[in-house]
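Trainee: Show me the folded form of this:
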Amino acid sequence: MTSETFLQKTALIIADMVLKEFKTSEWMSYDQMILKTRDSLENPRLRKALQSRYRVGILDEFQDTDGAQYEIFKRLFLESNDDRALYLIGDPKQSIYGFRGADIGIYLQAKEELKKHKAEEISLNVNYRSVPELIRAYNEIFGGKSGKQSFFPILEQSIPIQYEPVFAPKENIKVLLSDKQKQGPIQIVRFTGKDFWNTQDAKNAWGQFISEEILKLIHKEDPFTYQVAEGDLYYVEKKLKLREIAVLVKSKSEGKLAEQFLKLRGIPCSFYKQEGIYQSAESYQISNIFECLLDPNKPSSYRKLLLGDLFQIHPAHLPYFDEHSIDSYEKSILDRWKTLSMDRKFSELFRSIEEDSRIFLTEDATDIDWERKRTNYRQIFRRLLQFQIANQADLEEVLEELKLLQKSFKNEEELPLFEKETEKDAVQILTLHASKGLEWPVVFLFNLSGDYIPEVYDYPFVDKDGKLSWKLSLWDNEEEKKISKEIYSNQSLNENKRLLYVGITRSKVRIYLPFYTPLNNWKTRDSAYYKILYPRLQSILENEIDTDLFHVVSWAPTPFDSTDPKRIDWNLDSEICFTPLLYEEPETSKTIRLNSYSSLRTSMNFSEEVSLSVLEEKTRIQSDDVENSETVIKDALPSSASIGSFLHSLLEELDFSIFKTTTSKELLKNEKIISRMDFHLDYFRILKREEGRPILEKETVQKRTVEILWNLLNANILDQKGVSFRLVDLPKENRVSEMDFYLDLDTNPGNFLRGSIDLVFQMDDKFYLADYKSNLLEDYSTISLKRNVENLESRYDLQRDIYALVLYEYLKNLFGPKEALQKIGGVYYFFLRGMIYGESSGIYSDFFWSLERIESIRKTVLESTTFRWEKSN
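Mentor: All right, here's what the predicted structure looks like:
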């Protein structure tokens, strides 16, 4: 099958699928709504009812109407007219939405039809937007008698669209040029330094000029000003603000380039009506990652990742990845991410996505697109991590949260940080299409891209019955393609004329237009700039210039060093102008030391035979809980590190309230509990480790598991005041499971303590923390538990003290040092196998924490980490 045949068949399949979707009546496009409305008017009773109800119809922006829309209003207001009126307001010179289905031919057709109805044509030829000098300059550019007329007339369907001169109002003029700045409002910027320019060099030069000119316009000592009418009596001088400046671009790529030059000069800017961060390409790339991790065997998900930011594989190379080794970089990194997601190590997962892929790869340190992308990824990851921690969510739930955010409307809170930082006063960057109907005091026109004809395009086609329709070029033969390309090219040229007309007329006070001669080749000269704008500016420059209307600026780009302090003009607003960040080599160590309870325990010369913490072994749990792997005590659920991880995982995921039952057996009927147990039994390979284990053993493990959890969550726990409570009664919003922490140990940078606390909860005004212990002990009495906590091998007392220090530092940041001590409730160790429903056995607690004790703990930890560091050197 050839690529052409493939595209043809794909187009037919898609068309058929869309029709089938519409037939189900579950979906309806905007076009379908219009067509169904038009077809419903075949019903004479409905048509008559609407005609009697609506006597006047007004269609604004009529030049952007399509045939179906016009037919609706024509039937209602022009057929059997009984004192009904139809007003059509439009400007064919501003018909720029052909890509959305707007048909300028409908405007022209309607105009002829209305003449038959003896309709009155009223010309709106007064411009209330712009200063009088700018209005006169518009007449010269669009309708001047000298030089080549490259804008008008625009020939559409053999009908010429002419430019009619416009005039300033005779009174009540809203805006005037300032007496301080009487230069012509159209600033023609002539590039110097070379005779001919390629497109990219011209874009870079224009971007540099725009940024440097804006800095002049907002200069504190000599800012650009204009006069605004205050009532009918006088005018006031108004200083130009950044948000009153617009850079109008043809495409997003031009917008990003303009943004890059503005950012390099420290000029706040934002894209007009920028989509929220959760509607960005980065957000959907993250969705693709999650979907692939949830279903790694789905080819489409894997290919999306290969093509996207992660690996940046060229489409032509995709076939090489169908059968490549499972040990390949791409496969191995996805396997690692899958493991991290299953382990719920989302912080590590997100960091790995950033560091182990090509997402942040760039060869240009000033690549603003890269900077935006990096900021978006990190902001989304931070929001998702907050959600995951607060809800203890798994990957599937995190994905669902992201999808909800993607569907939600943009609000102030989720604006991209990259844009939000300058939302109050910033230069507006927007496309020419988006600028229609808007206005700014100062406008820079940035439309220098070349035009091209795509491989597949649509174009107007008149069939043998004289009916106009749109045809895809997919089925054209060579001869037909020659004709259709000519039609498409002419249609594109006319659209560009109207687009430039819209852009140039957005200004109220001043507009900047570039002037340079492109290289003599088809790529640079097949552009809207060279075919339309260049001839008019050339004719103006070659003749005597009216300085009241035009001002010529000769300008040559110069290299810009963003780190050169001499480039700073201190007369600029310090919040706006660029301040270079000069790098200085730090005197502190570049090594960051991460310590944990287990590493401290080992470094303090305690027994090396004790099982390493779950965190240090990189297993599921980060609580640093040590399990007795060898014991003579028998239990249906044997003691091991994997069993401890299994129980921790269930306590992390399951809602405590579902254990509020009369007996533990009732829990075996709960599908959520059984499902999560089965998942983790398989994940930790608990049942597979002993060959020949029957299914009955699985039921025994399940029964004992729910019994342990039920006893834990329904046990009577005494608080600091001696009042009993149950974990099952703790509101979800008052507790956090598996709370990770990184504690800065001292004032010297690079010395951190890390860990994870199994449970943190609040009761009344007190904060408590708890750690689960699944050890098998002979005795769970208070004396026995105290002895186990202070055991020199396990050193649970060290873990207790570290956690208390962490809790104090956390509360100190929230409430201050004095109130923090009062807020500490205490530290619990819950020895799971010794806890009983309605009783207080198996519980170790420590409620007495003073500032002296906290500082003593800090000193011990600091000495341990300092000793370890010095010893390693």
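Trainee: Now do the contacts for Tyr70.
Mentor: By CB atoms under 8 Å, 6 or more residues apart in numbering, Tyr70 lies in contact with Ile106, Ala110. Heads up, the C-betas are built off the backbone N, CA and C, glycines and all.
Trainee: Could you export the host helix or strand of it as CSV, CA atoms only?
Mentor: Following DSSP states H and E, one finds Tyr70 within helix 67-77. Extracted C-alpha coordinates of helix 67-77, given in CSV (Å, rounded to 0.1, in the frame of the first residue of the first chain):
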residue,chain,number,x,y,z
GLY,A,67,-23.7,29.0,4.0
ALA,A,68,-25.8,27.1,6.5
GLN,A,69,-25.9,30.0,9.0
TYR,A,70,-26.9,32.4,6.3
GLU,A,71,-29.6,30.1,5.0
ILE,A,72,-31.2,30.0,8.5
PHE,A,73,-31.6,33.7,8.7
LYS,A,74,-32.6,34.0,5.1
ARG,A,75,-35.5,31.6,5.6
LEU,A,76,-36.6,33.4,8.8
PHE,A,77,-36.3,37.0,7.6
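Trainee: How far off centre is it?
Mentor: Distance, stretch centre to chain centre, for helix 67-77: 40 Å (CA atoms, centre = their mean, to the nearest Å).
Trainee: in that helix, what's buried?
Mentor: Gly67, Ala68, Gln69, Tyr70, Glu71, Ile72, Phe73, Lys74, Arg75, Leu76, Phe77 (16 or more other CB atoms under 10 Å).
Trainee: swap in stretch 343-358?
Mentor: Asp343, Arg344, Lys345, Phe346, Ser347, Leu349, Phe350, Ile353, Ser357.
Trainee: tell me the contacts of Glu213?
Mentor: Glu213 neighbours (CB under 8 Å, 6+ apart): Phe444, Tyr512.
Trainee: quick one: low-confidence ranges for the stretch 201-350 of the chain?
Mentor: Counting by pLDDT under 70, the stretch 201-350 of the chain contains low-confidence residues at 272-275, 297, 316-329.
Trainee: returning to that earlier point: farthest-separated two in the buried residues of stretch 343-358?
Mentor: Farthest-apart pair in those is Arg344 and Ser357; separation 20.5 Å (CB to CB).
Trainee: Where is the longest strand in the chain?
Mentor: strand 751-763 (DSSP state E).
Trainee: got the phi/psi numbers for the residue lying closest to Leu727 once chain neighbours are set aside?
Mentor: Spatially, and ignoring its direct neighbours in sequence, Leu727 is nearest to Leu713 (4.6 Å; CB to CB, 6 or more residues apart in numbering). Backbone torsions of Leu713, given as degrees, to the nearest 10, read phi -80, psi -20.
Trainee: measure Leu713 to Ser737 for me?
Mentor: From Leu713 across to Ser737, the span is 12 Å (CB to CB, to the nearest Å).
Trainee: cool, Glu212 as well?
Mentor: In terms of CB to CB, Glu212 sits 55 Å off from Ser737.
Trainee: Now do stretch 130-150: distance to the chain's middle.
Mentor: Per CA atoms, centre = their mean, the centroid offset for stretch 130-150 relative to its chain is 42 Å.
Trainee: buried sites along it?
Mentor: Those would be 130-142, 144, 147, 150, for stretch 130-150 by 16+ other CB under 10 Å.
Trainee: Name the residues that touch that stretch?
Mentor: 127, 151-152, 163-168, 173, 175-177, 184-186, 226, 501, 504-505, 507-511, 531-536, 538-540, 542-543, 546, 548-550.
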